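In: Sequence first, predicted coordinates after that:
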Amino acid sequence: MDQLTYLQAVVIGVLQGVTELFPISSLGHSVLVPAWLGGSWDTLVTQEASPESPYLAFIVGLHVATALALLVLFWRDWVGIIGGFFSSVRKRGVETTYERLAWLIILATIPAGVTGLLLEHSLRTLFAKPLAAAVFLTVNGLILAGAEYLRRRAPAHRPVTAGEAGDRAAASEIDVAIGQQVSRRDAGLIGVVQTLALLPGISRSGVTMSGGLLRGLTHEEAVRFSFLLATPIILAAGLLKVPDLVGPLGNGIRGQVALGSLAAFGSALVAARFLERWFRTRTLIPFAVYCLVAGGLSIIRFA
């Protein structure tokens with residue numbers, strides 16, 4: 001695949017790292033941005049719609065770098081969550097915050113994981129077209145706006161209780177609040193909704209944040225829960241494509257993959273920290289407006 005230049009690899013890597021975590025759909029932007037630029041960039045979109053696409057392997061391969069950035073940022077959480085899973089299995093009970101978080105993440109990951117294994121390739125090749133991505137991006141904007149409107153009817157936010165004092169010494173107050181506010185049923189429903197992110201234009205972080213808000217989480221808690229939910233899914237999606245990049249589909253682009261991955265890793269670190277600060281005081285509305293405007297203009301352009 002000689003058409004993918006190093007400049008394109010860096011641009012797409014930065015785009016992946018930012019849009020995977022921002023609630024605006026990385027897959028949708030990997031289709032729409034090259035289509036808007038045209039020329040050799042537009043050729044990449046054509047290749048993404050192919051069943052055996054080096055560009056698609058490149059895009060999904062960048063997910064590994066994005067997931068690694070999240071692991072680096074939240075390594076303390078993951079040490080606690082992994083430890084909580086094994087301690088829960090060992091004593092056959094769920095008591096601490098990290099034990100609850102471990103099972104919430106597992107329950108939310110199963111629907112998206114199973115659906116992804118069965119349908120990911122088919123959906124991506126079927127809908128990896130500019131017009132489809134534009135329509136779904138517009139729908140994503142409506143989802144974000146709807147979540148902000150409906151969260152007023154969400155269950156009241158429960159403050160951290162005194163009974164969690166022992167937890168608080170090990171887990172952050174945000175993690176404790178997530179463990180208290182989100183039930184196992186909620187996690188399963190959020191997992192089902194997360195499957196919508198297989199459609200280019202629908203944001204994984206957007207739908208998971210929306211689900212968290214509708215269950216009474218604050219914006220700061222919802223974005224943390226979204227990052228924790230995204231990590232295993234993004235990592236698994238990337239690792240599944242590693243064999244493709246090692247094989248014939250990786251011929252001619254392995255250097256571009258390495259450089260693009262570095263760009264995705266760095267931009268994901270910056271994006272995650274930015275969003276954590278942003279959602280301390282702000283909402284999803286600016287992202288909803290962006291998706292509606294960008295999606296609407298793209299529908300007009302590619303219809």
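Out: It's in.
In: Following element in sequence after the lowest-mean-pLDDT helix or strand in the chain, please.
Out: Sorting the helices and strands of the chain by mean pLDDT, DSSP states H and E puts helix 165-170 at the bottom, at a mean of 51. Using DSSP states H and E, the helix or strand that follows helix 165-170 in sequence is helix 173-181.
In: could you say what helices and strands that next one packs with?
Out: Under the contact criterion of 3 or more Cβ pairs under 8 Å, 6 or more residues apart in numbering; DSSP states H and E, helix 173-181 touches helix 97-127, helix 165-170, helix 219-246. Glycine gets a C-beta too; all of them are placed from N, C-alpha and C.
In: That helix to helix 97-127, inter-axis angle?
Out: 80 degrees (axes from the mean of the first three to the mean of the last three Cα atoms, to 10 degrees).
In: List the buried residues in helix 173-181.
Out: Neighbour counts using 16 or more other Cβ atoms under 10 Å place 174, 175, 176, 177, 178, 179, 180, 181 of helix 173-181 among the buried residues.
In: Specify the angle between that helix and helix 219-246 in degrees.
Out: Helix 173-181 runs at 100 degrees relative to helix 219-246, counting by the same axes, to 10 degrees.
In: mean confidence score for helix 173-181?
Out: Averaging pLDDT along helix 173-181 gives 88.
In: And for stretch 38-54?
Out: Averaging pLDDT along stretch 38-54 gives 67.
In: got the end-to-end distance for that stretch?
Out: End-to-end distance of stretch 38-54 (Cα to Cα, to the nearest Å): 19 Å.
In: thinking again about what came up before, would a markdown table of the buried residues of helix 173-181 with distance to residue 116 be doable?
Out: Shown next, in a markdown table, are the buried residues of helix 173-181 (distance: Cβ to Cβ, whole Å):
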| residue | distance to residue 116 |
| --- | --- |
| 174 | 27 |
| 175 | 26 |
| 176 | 30 |
| 177 | 29 |
| 178 | 23 |
| 179 | 26 |
| 180 | 29 |
| 181 | 26 |
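In: How many neighbouring residues does residue 90 have?
Out: 8 (other Cβ atoms under 10 Å).
In: With residue 237 instead?
Out: By other Cβ under 10 Å, the residues close to residue 237 number 23.
In: likewise residue 277?
Out: When neighbours are counted by other Cβ under 10 Å, residue 277 registers 10.
In: For the helix or strand where it lies, name the packing helices and strands.
Out: Residue 277 is part of helix 254-278 when elements are defined by DSSP H and E. With contacts taken as 3+ Cβ pairs under 8 Å, 6+ apart, helix 254-278 sits against helix 6-21, helix 54-73, helix 219-246.
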